[in-house]
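[1] Quick one, what's the 3D model for this:
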Amino acid sequence: MTLKPTLRENKRYVAFKASCEKGKLREEEAKRAVYSGLLGLLGELGIARTRARFLEFDEEKQTGIVQCERSGVEEVKAAIILISEANGGKARFEVVRTSGLIKKLKAFLELESRA
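    Residues are numbered from 1 along each chain as shown. All right, here's what the predicted structure looks like:
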């Protein structure tokens with residue numbers, strides 16, 4: 001049995017950009033850093049409540065996308081911003097944009113990388 005669209009939780013997609021002093025991050029390293037940041041700020045219960053999920057990471061552009069529920073966007077953004085270590089070195093993660101449509105977010109990241 002499926003839920004009606006009006007009863008489903010709305011998803012939001014948070015785009016972030018990463019930089020690390022030890023060079024470019026690989027997808028697995030970025031994923032580990034994001035989940036450890038989420039776990040550190042929100043805890044396991046907070047991750048479950050916000051339904052945060054790492055979707056993808058572009059190793060060339062060093063950008064990635066995290067999916068979460070609409071009610072947890074601010075908490076997920078705060079957790080991403082507070083990440084200070086990745087791949088055994090200092091790192092900086094910044095939230096670039098938030099969107100309700102992943103297609104629009106990917107188009108924005110593509111345009112930003114060209115500029």
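[2] Helix, strand, or coil at the residue nearest the centre of the chain?
    Centroid check for the chain by Cα atoms, centre = their mean gives Val66 as the closest residue, at 3.0 Å. Secondary structure assignment for Val66 (DSSP: H, G, I helix; E, B strand; the rest coil): strand.
[3] Report the contact partners of it.
    Counting by Cβ atoms under 8 Å, 6 or more residues apart in numbering, Val66 touches 13-14, 16, 34, 52-55, 76, 80. In this view, the C-beta of every residue, glycine as well, is placed from N, C-alpha and C.
[4] ok, of those residues, which one's closest to Ile102?
    Tyr13 (5.0 Å; Cβ to Cβ).
[5] quick one: the closest one and Leu101 touch, right?
    Yes: Tyr13 lies in contact with Leu101 (Cβ atoms under 8 Å); the separation is 7.5 Å.
[6] Could you list which residues are in contact with Phe108?
    Phe108 makes contacts with 15, 96-97, 99, as judged by Cβ under 8 Å, 6+ apart.
[7] Quick check on those: which are buried?
    Neighbour-count burial (16 or more other Cβ atoms under 10 Å) applied to the contacts of Phe108 gives 15, 99.
[8] Closest to Arg26 out of the contacts of Phe108?
    For the contacts of Phe108, the nearest to Arg26 is Ala15 (18.4 Å; Cβ to Cβ).
[9] Tell me the secondary structure at that closest one.
    Ala15 ends up strand, using three-state DSSP.
[10] Would you agree it is in contact with Ile102?
    No: contact criterion Cβ under 8 Å: Ala15 and Ile102 do not qualify, at 9.6 Å.
[11] Please enumerate the shared neighbours of these two.
    Ile65.
[12] got a winner among the contacts of Val66 for most neighbours?
    Val76 (29 neighbours; other Cβ atoms under 10 Å).
[13] And the helices in the chain?
    27-50, 73-81, 102-114 (DSSP state H).
[14] Tabulate those helices in TSV, adding columns for mean pLDDT.
    Listed next are the helices of the chain as TSV, based on pLDDT from 0 to 100:
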stretch	mean pLDDT
helix 27-50	95
helix 73-81	96
helix 102-114	89
